[in-house]
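Novice: coords below, sequence missing:
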């Protein structure tokens, strides 16, 4: 296992995680077959939050009544399921770094361009390929206001909270950790924050870490189990021994009166499960990001349950890291659907979306400039099945279109990008496809176009995916029933055969929301 790091700008130190890769049989493709209702277990009952009585006072935004293909259950119903869904929050990339207009803010000037930060990212064409969906400028404590906005966005989509990556105990990232907890306290204390010390970057002692966690645990939103234990879920827990972690939790109880439920997240679960079992409440793993490597989590879930532990299943959408020169072939939305299928089929206890906002990995579910809400809206559908045990009824025809904006083999002109991005070892083979994922209330005709090529054919009621060859120009689709177009979608970014730099993320768009 190679642990990779990269230093972030403005004095921030980031940790870019390198997921463990396993060669597995192809995973679930659609993840939408009827799956018998989930019968709750004592394991699920054990994870109800101590903050379960806290309820948000605000209703979901009005657009949720039309944005999704189904009616999302209320926050109360979803939280009462006892099967929480968290998203991994990465502090280097909040909604804004300087509260400036998006056309000239720090993202635009320094992260999205090869010339940014005095050219330090020029070798790989710029640090990022996407950014948070621009937020309006705020007066007063704008950082807190933006964090509250992110909490509302996640809550409205059905998420229970964030797993909060603690990269350092001092500095800007540490300040954002504290501010995110403050924001949750103010916005909705029922939105839970799981403390996740990141052991790829933290250099500390058990006593010092215990002191820092105790300070954060004062916040009402810090996630506790129903029995009052504080949940601590260290990233790459195997960087320290079980004895080291036992000394940390002992210091929390001895010095601060805080009992702990340790849920270590491993880069290599199989090698560490038995060692950590005596001190752990549950387990998780960072997981893989290619659709062909999703089918191995059944063994992990069963092993965790056999050891009497809960299992937090990683769910991902894609992964492309220009500054590390690697990407995983996500297969349009196949990785997202397959990883959700693993969580549902294997009866995981918790889910962690990996990630909410790590734009340097291209792994974000959060609304972004290139994807809008598309990936988050899809997740609302699958988390509803995960939490309620039933597939939600499709009430509105809705289309999701995904494609890259360049061919996988496209290369920038010689000399403009010295570090090229290649498929990670073990990933599925690169492919050039447009996917139309259709949620239909009844049978209809699905008409599609990619560039100048048009096609059409019947589509069934329910959820179905159609793959088309990637071509230059724009792509789109529309649903026709009884001679009337019920919904349509068009890509917002054209595919080009000549590129100035590599951008191997899949862009997404949904017909359920206005295409700004």
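Specialist: Done, it's in. As the structure is a prediction and not an experimental result, all values here were calculated from the model.
Novice: helix, strand, or coil at the most centrally placed residue in the chain?
Specialist: Centroid-nearest residue in the chain, with Cα atoms, centre = their mean: residue 355, separated by 3.1 Å. Following DSSP: H, G, I helix; E, B strand; the rest coil, we place residue 355 in the coil state.
Novice: quick check: it vs residue 316, distance?
Specialist: From residue 355 over to residue 316 the distance is 8 Å, taken as Cβ to Cβ, to the nearest Å. In short, each C-beta sits where N, CA and C put it, glycine included.
Novice: who touches both of the two?
Specialist: residue 363 (Cβ atoms under 8 Å, 6 or more residues apart in numbering).
Novice: residue 386 reaches residue 82, doesn't it?
Specialist: No. Applying Cβ atoms under 8 Å as the test, residue 386 and residue 82 come out as separate, 11.3 Å apart.
Novice: between those two, who's got more neighbours?
Specialist: Per other Cβ atoms under 10 Å, whichever of residue 386 and residue 82 has more neighbours is residue 386, with 25 against 19.
Novice: which of the helices or strands spans the more buried one?
Specialist: helix 374-388 (DSSP states H and E).
Novice: can you identify the element that follows that helix toward the C-terminus?
Specialist: strand 398-403.
Novice: give the other helices and strands that that next one contacts.
Specialist: On a contact count with 3 or more Cβ pairs under 8 Å, 6 or more residues apart in numbering; DSSP states H and E, strand 398-403 meets helix 374-388, strand 433-440, strand 475-481, strand 484-490, strand 507-510.
Novice: what's the most buried one of these?
Specialist: strand 507-510 (a mean of 26; mean count of other Cβ atoms under 10 Å).
Novice: ok, that strand: who's next to it in the sheet?
Specialist: Sheet pairing for strand 507-510, assigned by DSSP bridges, gives strand 398-403 (antiparallel).
Novice: quick one, the strand it pairs with and helix 374-388 angle?
Specialist: For strand 398-403 against helix 374-388, the angle by axes from the mean of the first three to the mean of the last three Cα atoms, to 10 degrees is 130 degrees.
Novice: now strand 398-403: how far from the chain's centre is it?
Specialist: The chain centre lies 18 Å from the centre of strand 398-403; the measure is Cα atoms, centre = their mean, to the nearest Å.
Novice: touching, residue 75 and residue 152? I think so.
Specialist: No. The pair residue 75 / residue 152 is not scored as a contact, 10.9 Å apart, by Cβ under 8 Å.
Novice: so between those two, which is more surrounded?
Specialist: Remark: of residue 75 and residue 152, residue 75 carries more neighbours, 21 against 18, as counted by other Cβ under 10 Å.
Novice: give me the pLDDT for that one.
Specialist: Looking at residue 75, its pLDDT is 96.
Novice: and it, how far from residue 163?
Specialist: Distance from residue 75 to residue 163, by Cβ to Cβ: 19 Å.
Novice: give me the mean pLDDT for stretch 180-188.
Specialist: pLDDT averaged over stretch 180-188 gives 98.
Novice: equivalent analysis for stretch 331-342, please.
Specialist: Per-residue scores along stretch 331-342 average to 98.
Novice: one more: stretch 455-464?
Specialist: 97.
Novice: where does the stretch 301-450 of the chain dip in pLDDT?
Specialist: Applying pLDDT under 70 to the stretch 301-450 of the chain flags no residue at all.
Novice: go with 90
Specialist: Within the stretch 301-450 of the chain, the segments meeting pLDDT under 90 span 414-416.
Novice: for the stretch 1-150 of the chain, same thing?
Specialist: In the stretch 1-150 of the chain (pLDDT under 90), the answer is 1-60, 62-65.
Novice: out of the helices and strands packed on strand 398-403, which gets nearest to residue 109?
Specialist: Counting by Cβ to Cβ, residue 109 lies closest to strand 507-510 out of the helices and strands packed on strand 398-403; the figure is 22.4 Å.
Novice: quick one: list the elements packing against the helix holding residue 386.
Specialist: So helix 374-388, by 3+ Cβ pairs under 8 Å, 6+ apart, packs with helix 75-79, strand 85-89, helix 334-345, strand 350-353, strand 398-403, strand 507-510.
Novice: and the fourth one, which strands flank it?
Specialist: What that stands for is strand 350-353. strand 85-89 (parallel), strand 310-315 (parallel).
Novice: dump those strands to a markdown table, plus mean neighbour count and distance to residue 409.
Specialist: Below are the strands paired with strand 350-353 laid out as a markdown table (neighbours: other Cβ atoms under 10 Å; distance: least, Cβ to Cβ, whole Å):
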| stretch | mean neighbour count | distance to residue 409 |
| --- | --- | --- |
| strand 85-89 | 27 | 31 |
| strand 310-315 | 26 | 29 |
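Novice: redo the ones you listed as a markdown table? Include distance to residue 102.
Specialist: Putting those into a markdown table (distance: least, Cβ to Cβ, whole Å) gives the following:
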| stretch | distance to residue 102 |
| --- | --- |
| strand 85-89 | 21 |
| strand 310-315 | 28 |
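Novice: so residue 261 is in contact with residue 230, correct?
Specialist: Yes. Between residue 261 and residue 230 a contact is recorded at 6.9 Å, counting by Cβ under 8 Å.
Novice: okay, those two: which has more neighbours?
Specialist: A side-by-side neighbour count of residue 261 and residue 230, using other Cβ under 10 Å, places residue 230 first with 24 against 21.
Novice: contacting residues around that one?
Specialist: 195, 213, 217, 222-224, 252, 258-261 are the contacts of residue 230 under Cβ under 8 Å, 6+ apart.
Novice: ok, for residue 466, nearest residue in space, not its chain neighbours?
Specialist: residue 436 (4.7 Å; Cβ to Cβ, 6 or more residues apart in numbering).
Novice: touching both of residue 261 and residue 230, which residues are there?
Specialist: Shared contacts of residue 261 and residue 230, defined by Cβ under 8 Å, 6+ apart, comprise residue 224.
Novice: okay, and the nearest residue in space to residue 101 that is not next to it in sequence sits in which element?
Specialist: Distance criterion Cβ to Cβ, 6+ apart; nearest residue to residue 101, sequence neighbours excluded, is residue 137 at 6.8 Å. For residue 137, there is no helix or strand it lies in under DSSP H and E.
Novice: report the contact partners of residue 137.
Specialist: Neighbours of residue 137 in contact, by Cβ under 8 Å, 6+ apart: 96, 99-101.
Novice: likewise for residue 418?
Specialist: 123-124.
Novice: what's the spacing between it and residue 412?
Specialist: 10 Å.
Novice: next: residue 285.
Specialist: Separation of residue 285 from residue 412 (Cβ to Cβ) stands at 35 Å.
Novice: tell me which of the two has more neighbours.
Specialist: Ranked by neighbour count (other Cβ under 10 Å), residue 285 and residue 412 place residue 285 first, with 26 against 17.
Novice: name whatever forms a beta bridge with the nearest residue to residue 234 once chain neighbours are set aside.
Specialist: Nearest residue to residue 234, sequence neighbours excluded (Cβ to Cβ, 6+ apart): residue 197, at 4.7 Å. With DSSP bridges applied, residue 197 shows beta-bridge pairing to residue 166.
Novice: residue 379 reaches residue 154, doesn't it?
Specialist: No. If you go by Cβ under 8 Å, residue 379 and residue 154 don't touch, sitting 10.2 Å apart.
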